[in-house]
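>>> one predicted model, sequence on top.
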Amino acid sequence: MNLEENVRQWLTDEDILREVKYDENADFHYIIEFPNDNIMDVVKPTGKDCIIVACATQVAPQHTELMNASDSRTRKDFIMELNFGLNSFLVDYELQIAQDILQQFVITDQIFEDGLTKNELIRTLKRVFKSKLHCIWLIDQKFGTPQVNTTVSNQNDMFI
């Protein structure tokens, strides 16, 4: 089997493959659900010898309101702590911040073809997901939990 067939089979075996997405910049692009109710992307960029696992998360309006109500020092300390925490997971990430308020975050990790195994793919999925959890838990710890729905929505696609 080739790389794409292997990855697709592993995702199917674990019952996490949800959609095959057309992407002109990728040899393949899969939308997965790992774990339940968490959408992630597994992408093989064209011309690259790696696959990328990505999770984009929009911060819930209730959380941004809590951040906005906090003082500037708390917001700045939160962003610094978030950066330190995400660095410890050894993932790549991008934070979208407006006036020291986190709006969205994208967490990615890559696996090069020579190290791609089912075990490494699942470990990478877990690392990216746990990095997302770290962000959500840190928001709750620093700013509190809103009284309404606290679900952080997923952005269903990632364009690399």
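That came in fine, so what should we check first?

>>> now the helices for the protein?
3-13, 61-69, 72-88, 118-143 (DSSP state H).

>>> want to throw the ones you listed into CSV with mean neighbour count and distance to Phe105?
Just so you know, the C-beta spots here come from the backbone N, C-alpha and C atoms, and that holds for glycine as well. Compiled in CSV, the helices of the chain are given as follows (neighbours: other CB atoms under 10 Å; distance: least, CB to CB, whole Å):
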stretch, mean neighbour count, distance to Phe105
helix 3-13, 15, 23
helix 61-69, 16, 12
helix 72-88, 14, 8
helix 118-143, 17, 6
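
>>> so which of the ones you listed comes closest to Asp37?
Checking these against Asp37 by CB to CB gives helix 118-143 as the closest, at 11.1 Å.

>>> what sits against the residue nearest the centre of the chain?
In the chain, the residue lying closest to the centroid (CA atoms, centre = their mean) is Cys55, at 2.3 Å. Shown in contact with Cys55 (CB atoms under 8 Å, 6 or more residues apart in numbering): 38-41, 106-108, 128-129, 131-132, 154, 158.

>>> the residue lying closest to it once chain neighbours are set aside and Ile97: what is the separation?
Closest residue to Cys55 apart from its sequence neighbours, by CB to CB, 6 or more residues apart in numbering: Met40 at 4.6 Å. According to CB to CB, to the nearest Å, Met40 stands 22 Å off from Ile97.
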